[in-house]
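[1] A structural model of the following input is requested.
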Amino acid sequence: MPKKSKHQVVVFTAEWCPHCQAMLEDVWTSEQVKKTVSSYHGGKEAVVVCSKPQNRPLVDQFDIQSYPTIVIMDSDRNIKKRGKNMSEEELVEFLNDF
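    From the prediction side, this is the model:
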């Protein structure tokens, strides 16, 4: 099992995406999600707003085709796990099962 502290949780989102906004407001703010993501590098998720032009290179680099996309990547920026829109329970399971 990989060491979670060496991996980063990154959320690719868009300002116009209702699923993204719902996850940011309702799921990522959950105490259970915060506790689960705290074992990863930095202790919280990194959010990349893909609708901002300066983030376009990241969207292309990581082949983000839908929003929200949640990835777990290693220190070399290799994606180890990828997920989509999730409920609080699904996200906790996604993060714990890494």
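[2] please make it C-alpha for all contacts and neighbour counts, starting now.
    Noted.
[3] what mean pLDDT does the longest helix along the chain have?
    When secondary structure is assigned using DSSP state H, the longest helix within the chain turns out to be helix 88-96. For helix 88-96, mean pLDDT is 97.
[4] ok, residues contacting it?
    With CA atoms under 8 Å, 6 or more residues apart in numbering as the test, helix 88-96 has contacts from 27-28, 30, 32-33, 36-37, 83.
[5] and which of those is nearest Gln8?
    In terms of CA to CA, no member of the contacts of helix 88-96 lies closer to Gln8 than Val37, at 9.1 Å.
[6] can you give me how far stretch 79-87 is from the chain middle?
    7 Å (CA atoms, centre = their mean, to the nearest Å).
[7] which of the residues in that stretch are buried?
    Neighbour-count burial for stretch 79-87 flags 79, 83-86 (criterion: 16 or more other CA atoms under 10 Å).
[8] over to stretch 26-35?
    By 16+ other CA under 10 Å, the buried positions in stretch 26-35 come out as 27-28, 33-34.
[9] quick one: which of the residues you listed is nearest to Thr13?
    The closest of the buried residues of stretch 26-35 to Thr13 turns out to be Trp28 (CA to CA; 12.4 Å).
[10] distance check, the closest residue to the closest one other than its chain neighbours against Arg56.
    With sequence-adjacent residues excluded and distances taken as CA to CA, 6 or more residues apart in numbering, Trp28 is closest to Lys34, at 6.8 Å. Distance, Lys34 to Arg56, using CA to CA, to the nearest Å: 27 Å.
[11] please produce CSV containing the contacts of helix 88-96, extended by pLDDT and distance to Val48.
    Below are the contacts of helix 88-96 laid out as CSV (pLDDT from 0 to 100; distance: CA to CA, whole Å):
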residue, pLDDT, distance to Val48
Val27, 97, 16
Trp28, 97, 14
Ser30, 97, 19
Gln32, 97, 22
Val33, 97, 18
Thr36, 96, 20
Val37, 96, 16
Gly83, 97, 15
